[in-house]
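> Model the structure of this input:
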Amino acid sequence: MREKELHEADEIHSKALRAGRRTYFFDVRSTKAGDYYLTITESKKQTNADGTFFFKKHKMYLYKEDFDGFKDLLNEMTDFVIAEKGSEVISEIHQPDFYAAKEGAAEFQSKKYTDVDFDEI
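Numbers count the residues shown, from 1 in each chain. Predicted structure coming up:
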C-alpha cells in the first residue's frame, strides 16, 4: 500500500488521448528533488488466444533539458509526414477499398460483382 501511495504522490498532472485500440497517457511527475519530468505511455489492447485481453504498455521518460530538442524534432517529423502524405489517413481500416486501390483500382472498380459473364464460368 505504501508503494502505491508514493507512486500516486509523484503524479502532478495527467491527460489521456484515446486513439482506437491505443491510449496515450501524458503524465507530469515529480523527481525526488522536486523537479518535474514527463512520461508518455502507449497502452494498446491485445487479445489472448482464449479471448481474454490485456494491455501492452510502452513508456518513455522525457526530462526538461530535452524538451526543446524533442519538440523541434517532433514538429519537424510530423510536418514532413503531412507534407509528403497529407493529413488523410491511408490504411485498410480507414479506407474500405485500400487493397483494391493498391492492386489496380481501375480494373477492380470498373467491374461490378453483378457483372457476370457466364462464358467465364
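
> Give me the contacts around stretch 32-45.
With contact meaning Cβ atoms under 8 Å, 6 or more residues apart in numbering, stretch 32-45 is reached by 12, 21-31, 53-64, 67. C-beta here means a position set from N, CA and C on the backbone, and glycine is covered the same way.

> Now which of the residues you listed would you call buried?
Thr23, Asp27, Arg29 (16 or more other Cβ atoms under 10 Å).

> in what helix or strand does the last one lie?
Right, the one you point to is Arg29. Per DSSP states H and E, Arg29 falls inside strand 22-30.

> Identify the residues contacting that strand?
Here strand 22-30 has contacts from 9-17, 36-45, using Cβ under 8 Å, 6+ apart.

> which element follows it toward the C-terminus?
Counting by DSSP H and E, what follows strand 22-30 is strand 36-47.

> tell me the mean pLDDT for that following strand?
Summarised as a single mean, pLDDT over strand 36-47 is 94.

> Relative to it, what are the paired strands and their orientations?
Partners of strand 36-47 in the sheet, by DSSP bridges, are strand 22-30 (antiparallel), strand 53-63 (antiparallel).

> Mind checking what helix or strand follows the last one in sequence?
What it means is strand 53-63. Criterion used, DSSP H and E; the element after strand 53-63 is helix 67-85.

> name the helices or strands packed onto that following helix?
The criterion is 3 or more Cβ pairs under 8 Å, 6 or more residues apart in numbering; DSSP states H and E, and there are no helices or strands that helix 67-85 contacts.

> Report the inter-axis angle for it versus strand 36-47.
Calculated by axes from the mean of the first three to the mean of the last three Cα atoms, to 10 degrees, helix 67-85 forms an angle of 40 degrees with strand 36-47.

> begin at 376 from here
New numbering, starting at 376: the last item is helix 442-460.

> Return the set of buried residues in helix 442-460.
Under 16+ other Cβ under 10 Å, helix 442-460 has no buried positions.

> Going through the contacts of strand 397-405, which ones are buried?
Buried among these (16+ other Cβ under 10 Å): Tyr412, Leu413, Glu417, Ser418.
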